[in-house]
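S.K.: Structure for the following, please:
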Amino acid sequence: MRHPIKQLLLSLIFITTVVVSASAQSASLDFDLISATPIGSWQEREETTTNHKGKTTVTVMKSSLLAKEERNGKAYYWIEMAVDNFKVSKKGKRKKNGKRMIIKTLVPESALQGDPGNVLTNLRGFGEEIIMQSGNEQPMRISGSGGMFAGLMQAMGTEVNFDFSVQGNESVEVPAGSFTAKKVTGSGTTETKVVFKKIKVQSDNTVWLSDKVPFGVVKAEGTSTMNGKPSTHTTQLLSFGATGAKSLITGEPQEMPTMGNIFGQ
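M.R.: Numbers count the residues shown, from 1 in each chain. This next block holds a predicted model:
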């Protein structure tokens, strides 16, 4: 198996978890994500993370709601995320780290409206079809990916438990402007197993949401501890728009090999 495909799969698992978790939180907080995110809308945000060794990385993510379609009598939405990663030197200079990752996912409407009490329930039904591309490489399509992730999460023994509470409205200022946003605090754990190593992440987060912004997120900050190693992260909205979103996937996607062909029976 070529390294880029491994990178695609690991990135896809991470980003999918983030997207579904954000959607679940919004539903829990009586936040209408679909109304706030019309077809063609987009947002770009930046996340800065500093690990336990003091090393800083920056991730710039552009999320777009491209289209709505119906399959087998059910409503779905095409959501695309473009992710660029950067290393940050001690002098604050950024250096590109790896290729741009683009992931386009056909998400069931229920995943954006579902009960947030069990993130894994949403995750295992997430993504009827996924198209992903690393840099300028050939894009790849995974069909029936919800079932694939069900198998992955079950094999990895993944458990997610989070609790959130609304703290009221608060004024926040980010590069994209000033907003009166709903402040939400939360904490919880994620546990999974990769090969023979168990990974446990304890997180405490604060998120500011606005229905004036596609996908809701204006600002976020928090701390995470992975197997005893702490890190901090901050996220801020850079720009957004209600129209004009276009897919950044280039070329005709080829079908992803089955999981059996990738990892061996």
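S.K.: okay, Gln138: pLDDT?
M.R.: At Gln138, the model reports a pLDDT of 90.
S.K.: Can you report how many residues lie near it?
M.R.: 12 (other Cβ atoms under 10 Å). For the C-beta atoms, the positions are set from N, CA and C on the backbone; glycine is no exception.
S.K.: is it true that it lies in a helix?
M.R.: No - counting by DSSP: H, G, I helix; E, B strand; the rest coil, Gln138 is not found in a helix; it is coil.
S.K.: if I look at it, how far off is Gly186?
M.R.: Between Gln138 and Gly186 the computed distance is 39 Å (Cβ to Cβ, to the nearest Å).
S.K.: again, but for Glu109
M.R.: Counting by Cβ to Cβ, the gap from Glu109 to Gly186 is 24 Å.
S.K.: Please name every helix or strand in contact with whichever strand or helix holds Lys68.
M.R.: Lys68 is part of strand 56-71, with elements assigned from DSSP states H and E. In terms of contacts (3 or more Cβ pairs under 8 Å, 6 or more residues apart in numbering; DSSP states H and E), strand 56-71 is packed against strand 42-50, strand 74-88, strand 101-108.
S.K.: One more pass at 7 Å, please.
M.R.: strand 42-50, strand 74-88 (3 or more Cβ pairs under 7 Å, 6 or more residues apart in numbering; DSSP states H and E).
S.K.: Can you add mean pLDDT and mean neighbour count and give these back as CSV?
M.R.: Converted to CSV, these look like this (pLDDT from 0 to 100; neighbours: other Cβ atoms under 10 Å):
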stretch, mean pLDDT, mean neighbour count
strand 42-50, 94, 19
strand 74-88, 92, 18
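S.K.: Please produce JSON lines containing those, extended by distance to Lys104.
M.R.: Converted to JSON lines, these look like this (distance: least, Cβ to Cβ, whole Å):
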{"stretch": "strand 42-50", "distance to Lys104": "13"}
{"stretch": "strand 74-88", "distance to Lys104": "4"}
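S.K.: closest one to Gly98 among these?
M.R.: Closest of the helices and strands packed on strand 56-71 to Gly98 is strand 74-88, at 5.5 Å (criterion: Cβ to Cβ).
S.K.: quick one: that closest one to chain centroid distance?
M.R.: Centroid separation for strand 74-88 versus its chain: 7 Å, with Cα atoms, centre = their mean, to the nearest Å.
S.K.: what helices or strands is that strand leaning on?
M.R.: helix 3-28, strand 56-71, strand 94-96, strand 101-108, helix 109-113.
S.K.: ranking the ones you listed by mean pLDDT, which is last?
M.R.: Ranked by mean pLDDT, the helices and strands packed on strand 74-88 bottom out at helix 3-28, which scores a mean of 43.
S.K.: following it, which helix or strand shows up next?
M.R.: Following helix 3-28 in sequence, per DSSP H and E, is helix 33-36.
S.K.: State the mean pLDDT of that following helix.
M.R.: On average, helix 33-36 scores 85.
S.K.: Pull out the buried residues from it.
M.R.: 33-34, 36 (16 or more other Cβ atoms under 10 Å).
S.K.: Please enumerate residues in contact with the strand holding Lys68?
M.R.: Contact with strand 56-71 is made by 37, 39, 41-50, 75-88, 94, 128, 214-215, 245, 247, as judged by Cβ atoms under 7 Å, 6 or more residues apart in numbering.
S.K.: Would you indicate which residues of that strand are buried?
M.R.: For strand 56-71, burial by neighbour count (16+ other Cβ under 10 Å) applies to 56-57, 59-66.
S.K.: again with stretch 211-225
M.R.: Applying 16+ other Cβ under 10 Å to stretch 211-225 flags 211, 213-222, 224 as buried.
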